[in-house]
Structures are given as C-alpha cells and as structure tokens.
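*Asks:* A structural model of the following input is requested.
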Amino acid sequence: MEVLKVSAKSVPNSVAGAIAGIVRDQSEVEVQAVGAGAANQAIKAVAIARGYLATSGIDLVCIPAFANIKIDGDERTAIKLIVQHR
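*Replies:* As a prediction, the model looks like this:
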C-alpha cells in the first residue's frame, strides 16, 4: 500500500488529487500525519478526494488509526488514515 505523508503546510487540494489518483489505480492508500496541523490538512484532503471520486461512482471510506514512525531517529506517533473505496 502506498503511503502519503502530509504536513501542516500541505495543500489539501493537491493531497486530495494524489489520494484520488492512487485510489483509482490501487483501491487504497495510507495517509500519515504528525501533529494537529498535519492531521487537519489530511482530513480536509480526504473530504475533498471523496468529492472528486463521487462523480466516478467511487465511495471513499477512511479508517483512522495510530502509527509509530521514526523521524530523524526520533519515535513519533502519527495519525494513520487508511483510505479505500467501499
């Protein structure tokens, strides 16, 4: 499964386009975000991607979870959103 990493500075429309493209090709994608700002942008992107794909008859669902990831050698907790079509 492909992983998209979202930061607080990510543009939701751009991330949404990436989500939509990957879901069309592979049927699911993992979106990771560390911090409140990044989580906010990730959720916005999923909502926008849902609108993009709805016109194609694809209904997106989002399964939230936590993930432990390493950033510059430090262990951090990320929000992991598994996005897939229903």
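*Asks:* Give me the contacts around the longest helix along the chain.
*Replies:* Assignment by DSSP state H gives helix 36-54 as the longest helix of the chain. Contact with helix 36-54 is made by 6-13, 15-17, 19-20, 23-24, 31-33, 59-60, 62, 79, 81, 83, 85, as judged by CB atoms under 8 Å, 6 or more residues apart in numbering. Glycine gets a C-beta too; all of them are placed from N, C-alpha and C.
*Asks:* cutoff 10 Å now
*Replies:* 4-24, 29, 31-33, 35, 58-62, 64, 78-81, 83, 85 (CB atoms under 10 Å, 6 or more residues apart in numbering).
*Asks:* among those, which ones are buried?
*Replies:* The neighbour count (16 or more other CB atoms under 10 Å) marks 4-6, 10, 12, 15-16, 18-20, 22-23, 29, 31-33, 58, 60, 62, 78-81, 83 as buried among these.
*Asks:* and the residue nearest to the spatial centre of the chain, what is it in contact with?
*Replies:* By CA atoms, centre = their mean, the chain has its centre lying nearest to V31, at 3.0 Å. The neighbours of V31, taking CB under 10 Å, 6+ apart as the test, are 2-6, 10, 15, 18-19, 22, 38-39, 41-43, 45-46, 49, 62, 64, 78-83.
*Asks:* next one: phi and psi at E75?
*Replies:* Here is the backbone geometry of E75 (degrees, to the nearest 10): phi -80, psi 130.
*Asks:* pretty sure it contacts N68?
*Replies:* Yes - here E75 reaches N68: they are 5.8 Å apart, a contact under CB atoms under 10 Å.
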